[in-house]
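S.K.: return a 3D structure for these sequence lines:
(chains A and B)
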There are 2 protein chains.
Amino acid sequence: MNFEVTILGSSSATPIFQRHPTAQVLNIRERFFLVDCGEGTQAQFLKYKVRLSKITHIFISHLHGDHYLGLVGLLSTMHLQGRTNEIHVYGQAELMDVIELQLRLSMTRLRYQIIFHPIKHFAPAIILEDEDMIVKTIILNHRIPCTGFLFKEKPKPRKLLVNKLQQYNIPFSFYGKLKDGFDYRDVDGNVIANDELTISSRAPRSYAFCSDTVYDESIINEIRGVDLLYHEATFLHDMVERAQTTFHTTSLQAATIAKKAEVKKLIIGHFSARYKELHPLLDEARTVFPNTELAIEGNRFEVE
Amino acid sequence: MNFEVTILGSSSATPIFQRHPTAQVLNIRERFFLVDCGEGTQAQFLKYKVRLSKITHIFISHLHGDHYLGLVGLLSTMHLQGRTNEIHVYGQAELMDVIELQLRLSMTRLRYQIIFHPIKHFAPAIILEDEDMIVKTIILNHRIPCTGFLFKEKPKPRKLLVNKLQQYNIPFSFYGKLKDGFDYRDVDGNVIANDELTISSRAPRSYAFCSDTVYDESIINEIRGVDLLYHEATFLHDMVERAQTTFHTTSLQAATIAKKAEVKKLIIGHFSARYKELHPLLDEARTVFPNTELAIEGNRFEVE
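M.R.: This next block holds a predicted model:
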């Protein structure tokens, strides 16, 4: 089952030729989520042959234009393409004002329903939960209200060892408890340890998206141990003061967060247009956290 | 002195790979105007190396997304690039609501002033006039209020023939009248015809932008004889009924308008995404109006 991030854009606000503002598509077990939607995102869907119709949920981190100005066009295109399935949109409450105003002015009556979920940005909250996964906000520290998103599979039930169940004559009615990790105690009081009867399933996978934010260690507990962390790295560390005043992060700082949070892999992005070459940003991050990659348009990152 | 149109985008609403929604830059005697601003227009400025800082006036025909969704991002980028010169924006009154809402939500305080000119769409009106030129609205017939724009140089004063002025002893005080085309009458009542003393200057040049509209002959008087007409041609004529119901024009109809208005040259654009090849649209138009060209991104059309 897939758990994969595709980068559609990773540039910061000032445009630069052939780089695009923030947008990512997540494929989590064949459910498709769009995270941020900078201007031109729908063109990136075409370029990288991702099917717009598959997207069921859209998460917008904050209302700086480079993170959402592609949204209304994308929603309109879904309409023009004949979509009838509802779509869930998560963002600051005022995002829905923008959508409604622009649809009203173009006299567009969507054939599908937008189910809007306003995000509160005071404390982390679970904003989506089903039997397989959760999505939780991460409170970021930016010039305007801004949240990251943690996508996390739920732990799977332990797998039963059928031959052992037969050998110990475990009653069928106890199988559920075994899957949840309980030991078995028979009528004579003998205990058979759970790991004698089951093995663990694949570890739940996780992805944390953190853009835009100043360096802030308060997110570390929220993202600890994730398989994959996207963290903005707008500047090289020689511009740490500019990063501070604009509420952005340097590449070195992003790597420091990754190291302190003991994540498995780091992707850096949201690069300032001043960097024509991105390798210096990568090199800097790798001095602190070697397992770092650049968010380049079209790249896919899979969690095994 | 230049009089030139550069196509930045000419696709209709549904996106198609490597075609872009409507946007054009006009260079009229080194004054730079942007006409419509679909999503991704600022990226097209980068691609075709047009300097955003040179734009002084922006004209938005109507509030369908494919004609204006790039505007707020473009205005933000002007701000990020350090612009301090005011900019004039022309569009339906509600366009300013969109701009103000989005700037407020991103907490952007522009370093330059937007001077907004609301367009009335009931009758053609001169919306910009200076000593060299005028811009006049053209009332189009679309699903929502929509105006085209006529850009027209003012007639230049006639040029004085210095040797003739000396030969006839024309007093200096009459030179102004001669430039305006008056004949000279001397103290004895002898008339010297103006064209004995002056020659005409270069004819004033004109460009009419007409997108989006159903076929409507009521615009013909407004655009009669222009040097260059851009007219939408969303469909081939075998889809004339669809053109009618969506308030768009077929290629054949656009050419018919050009012919009836006796324009010198026609550019067709706003092509439906269904047409992977555009030559059938061009061929169809040329059966009626041979001097037709396609609006292809990057193409420049100069009026000599």
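S.K.: end to end, how far does stretch A:87-96 reach?
M.R.: In terms of Cα to Cα, to the nearest Å, the two terminal residues of stretch A:87-96 are separated by 13 Å.
S.K.: what do you get for stretch A:13-28?
M.R.: Terminal residues of stretch A:13-28 lie 28 Å apart, using Cα to Cα.
S.K.: so for that stretch, mean pLDDT?
M.R.: Stretch A:13-28 shows an average pLDDT of 93 in the prediction.
S.K.: please apply the same query to stretch A:290-299.
M.R.: 97.
S.K.: near chain B at all, it?
M.R.: No: applying Cβ under 8 Å from any Cβ of the partner chain, one finds stretch A:290-299 separated from chain B by no less than 12.4 Å. Where you see a C-beta, it was placed from the backbone N, CA and C, and this is true even at glycine.
S.K.: for residue A:199, phi and psi?
M.R.: Residue A:199 has phi and psi values of phi -130, psi 160 when expressed as degrees, to the nearest 10.
S.K.: likewise the one 3 residues further on?
M.R.: Recorded main-chain torsions at residue A:202 are phi -60, psi 140, according to degrees, to the nearest 10.
S.K.: near the nearest residue to it once chain neighbours are set aside, how many other residues are there?
M.R.: Excluding the flanking residues, the one nearest residue A:202 by Cβ to Cβ, 6 or more residues apart in numbering or on different chains is residue A:156, at 6.5 Å. Burial of residue A:156 is recorded as 13 neighbouring residues (other Cβ atoms under 10 Å in any protein chain shown).
S.K.: residue contacts, whatever residue of the stretch 151-300 of chain A ends up closest to chain B?
M.R.: Of all residues in the stretch 151-300 of chain A, residue A:273 sits closest to chain B, at 8.9 Å by Cβ to the nearest Cβ. By Cβ atoms under 8 Å, 6 or more residues apart in numbering or on different chains, the contact set of residue A:273 is A:11-12, A:14-16, A:19.
S.K.: go on, residue A:45?
M.R.: The contact partners of residue A:45, by Cβ under 8 Å, 6+ apart, come to A:8, A:25, A:51-52, A:74.
S.K.: got the residues you listed as TSV, with distance to chain B, neighbour count and secondary structure columns?
M.R.: As requested, those are arranged in TSV below (distance: Cβ to the nearest Cβ, whole Å; neighbours: other Cβ atoms under 10 Å in any protein chain shown; DSSP: H, G, I helix; E, B strand; the rest coil):
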residue	distance to chain B	neighbour count	secondary structure
A:8	13	29	strand
A:25	16	23	strand
A:51	13	10	coil
A:52	9	19	helix
A:74	9	26	helix
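S.K.: out of the residues you listed, who's nearest residue A:184?
M.R.: Distances from residue A:184 to the contacts of residue A:45, taken as Cβ to Cβ, are shortest for residue A:25 (43.9 Å).
S.K.: isn't that closest one right up against residue A:33?
M.R.: Yes: with contacts counted by Cβ atoms under 8 Å, residue A:25 reaches residue A:33, the gap being 7.1 Å.
S.K.: give me the common contacts of those two.
M.R.: With Cβ under 8 Å, 6+ apart, residue A:25 and residue A:33 have common neighbours residue A:55.
S.K.: any idea how far residue A:129 is from residue A:136?
M.R.: 9 Å (Cβ to Cβ, to the nearest Å).
S.K.: these two: which is more packed in?
M.R.: residue A:136 (19 against 11).
S.K.: who does the more buried one bridge with?
M.R.: Counting by DSSP bridges, residue A:136 is bridged to residue A:126, residue A:150.
S.K.: as a check, name the ranges of all helices in the stretch 101-250 of chain A.
M.R.: Assigned by DSSP state H, counting those that start in this stretch, the helices in the stretch 101-250 of chain A fall at A:162-167, A:175-179, A:194-197, A:220-223, A:240-245.
S.K.: using a markdown table, lay out those helices together with mean neighbour count and distance to chain B.
M.R.: Listed next are those as a markdown table, based on neighbours: other Cβ atoms under 10 Å in any protein chain shown; distance: least, Cβ to the nearest Cβ, whole Å:
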| stretch | mean neighbour count | distance to chain B |
| --- | --- | --- |
| helix A:162-167 | 12 | 52 |
| helix A:175-179 | 15 | 47 |
| helix A:194-197 | 16 | 52 |
| helix A:220-223 | 16 | 25 |
| helix A:240-245 | 14 | 13 |
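S.K.: can I get those helices in CSV including mean pLDDT?
M.R.: Output for the helices of the stretch 101-250 of chain A, formatted as CSV (pLDDT from 0 to 100):
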stretch, mean pLDDT
helix A:162-167, 92
helix A:175-179, 92
helix A:194-197, 92
helix A:220-223, 97
helix A:240-245, 97
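S.K.: kindly present those helices as a markdown table, with separate columns for distance to residue A:286.
M.R.: Below are the helices of the stretch 101-250 of chain A laid out as a markdown table (distance: least, Cβ to Cβ, whole Å):
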| stretch | distance to residue A:286 |
| --- | --- |
| helix A:162-167 | 46 |
| helix A:175-179 | 41 |
| helix A:194-197 | 38 |
| helix A:220-223 | 19 |
| helix A:240-245 | 18 |
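S.K.: quick revisit: would you turn the contacts of residue A:45 into CSV with distance to residue B:267?
M.R.: Converted to CSV, the contacts of residue A:45 look like this (distance: Cβ to Cβ, whole Å):
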residue, distance to residue B:267
A:8, 32
A:25, 37
A:51, 34
A:52, 30
A:74, 29
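S.K.: which positions in chain A make contact with chain B?
M.R.: Counting by Cβ under 8 Å from any Cβ, the positions of chain A adjacent to chain B are A:13-17, A:20, A:39-40, A:42-43, A:46-47, A:63-66, A:69-70, A:72-73, A:76-77, A:80-81, A:92, A:94-95, A:97-98, A:101-102, A:105-107, A:143-144.
S.K.: with adjacent residues omitted, what lies nearest to residue A:226?
M.R.: residue A:206 (4.2 Å).
S.K.: can you check residue A:300 too?
M.R.: residue A:6 (5.0 Å).
S.K.: for that neighbour, the count of nearby residues, please.
M.R.: 20.
S.K.: ok, and the closest non-adjacent residue to residue A:160?
M.R.: Leaving aside its sequence neighbours, residue A:160 sits nearest to residue A:198 (Cβ to Cβ, 6+ apart; 5.6 Å).
S.K.: and that neighbour, how far is that from residue A:102?
M.R.: Taking Cβ to Cβ, one finds residue A:198 at 53 Å from residue A:102.
S.K.: so which of the residues of chain A next to chain B sit within helices?
M.R.: Among those, the members falling in helices are A:42-43, A:46-47, A:72-73, A:76-77, A:80, A:94-95, A:97-98, A:101-102, A:105 (criterion: DSSP state H).
S.K.: backbone dihedrals for the residue of chain A most remote from its centre, both of them.
M.R.: In chain A, counting by Cα atoms, centre = their mean, residue A:188 sits farthest out from the average C-alpha position, at 49.6 Å. Phi and psi for residue A:188, reported as degrees, to the nearest 10, are phi -90, psi 0.
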